[in-house]
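Undergrad: structure for the following, please:
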Amino acid sequence: MSLQFSVLASGSTGNAIYVETKGQRLLIDAGLSGKKIEAAMTRIGRSLSDVDAMLISHEHSDHIKGAGILARRYELPIYANEKTWRAMDGMLGKIAPAQKFHFKKDNLVTFGDLDVESFGVSHDAADPMFFSFMQNGRKLTILTDTGYVSDRMAGMARSSHTLIFEANHDTEMLRIGRYPWSVKRRILGDEGHVSNVDAGVALNDIIRDVKTDVYLAHLSLDNNMKDLARMTVEQTLQQYDRPVGDTIRLFDTDPYQPTPLKMV
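TA: All right, here's what the predicted structure looks like:
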């Protein structure tokens, strides 16, 4: 087994994830400045000069801010679906045609020794999607930036040994917070973001007979806290008689510090 990953950054200020095997090294999203992503890679003992390709989930700036500059600096091919390419093309700067590749939604693409399967999520972007990574019987799934978790999404995430999973906000903090109502309504809607409670409910449905490490991701700086997210997800799972620490382990992610490189 050689499937490893690091959540380089996760949150409303920017998102990027690194996935590697012995034969492939991929960057999933690049929602920070190029310099910050380079620094995060250095902290985990890796270099962007060794990355083989970049996968883009959707065109929001917290997922593509550094994509253009990194693609040019390191001659990285970029993979995204057709609608996402159309939505973000003018936001990346000039990208050479030879670096533009299409990765259709609900499709499986093999990168060397790594299989990557895409699936759609419910978010207010052109055609948002996330990914499952599979190698030698091990599976890592990224599922963030969705207003709810459908049966299809849950099915795609099932049997994952590691989940990078959205717990964006505490509903009460959001309701009483400083955001205008239009923004609150967007976040709470079906094309917004999953709350801490809804994350726990979805994880109960997804995680069955496979021991799973869950990295709570995309936490709002204004409407959530790590301890609160972890506590709420744990309490929600306990309501289903799913104690954390048995088949489920919870981990934090951070908007500024990468998680240690870890085997799936």
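Undergrad: what about residue 23, how many residues close to it?
TA: Neighbours of residue 23 under the rule other CB atoms under 10 Å: 12. C-betas here are computed from N, CA, C, even on glycine.
Undergrad: wouldn't it be in contact with residue 110 here?
TA: No. Residue 23 lies out of contact with residue 110 (CB atoms under 8 Å); the separation is 10.5 Å.
Undergrad: so what touches stretch 109-117?
TA: By CB atoms under 8 Å, 6 or more residues apart in numbering, the surrounding residues in contact with stretch 109-117 are 2-3, 19, 21-24, 26, 52-53, 55, 79, 103, 107-108, 118, 131-135, 156.
Undergrad: what about the spatially most central residue of the chain, which helix or strand?
TA: Residue closest to the mean C-alpha point of the chain, counted by CA atoms, centre = their mean, is residue 142 at 4.4 Å. Using DSSP states H and E, the element containing residue 142 is strand 138-143.
Undergrad: downstream of that strand, the next helix or strand is which one?
TA: For strand 138-143, the following helix or strand on the C-terminal side (DSSP H and E) is helix 151-157.
Undergrad: where do the strands sit along the stretch 51-200 of the chain?
TA: Secondary structure of the stretch 51-200 of the chain (DSSP state E, counting those that start in this stretch): strands at 53-55, 78-80, 100-102, 108-111, 114-120, 129-135, 138-143, 162-166.
Undergrad: including mean pLDDT and distance to residue 71, could the ones you listed go into a markdown table?
TA: As requested, the strands of the stretch 51-200 of the chain are exported to a markdown table (pLDDT from 0 to 100; distance: least, CB to CB, whole Å):
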| stretch | mean pLDDT | distance to residue 71 |
| --- | --- | --- |
| strand 53-55 | 98 | 7 |
| strand 78-80 | 98 | 5 |
| strand 100-102 | 98 | 9 |
| strand 108-111 | 98 | 16 |
| strand 114-120 | 98 | 18 |
| strand 129-135 | 98 | 18 |
| strand 138-143 | 98 | 20 |
| strand 162-166 | 98 | 23 |
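Undergrad: quick one, which of those is nearest to residue 11?
TA: Minimum separation from residue 11 across those (CB to CB) falls at strand 162-166, 10.8 Å.
Undergrad: identify each buried residue in the lengthiest helix in the chain, please.
TA: The helix that spans the most residues within the chain, counting by DSSP state H, is helix 226-239. The neighbour-count check on helix 226-239 (16 or more other CB atoms under 10 Å) flags 228-230, 232-234, 236-237 as buried.
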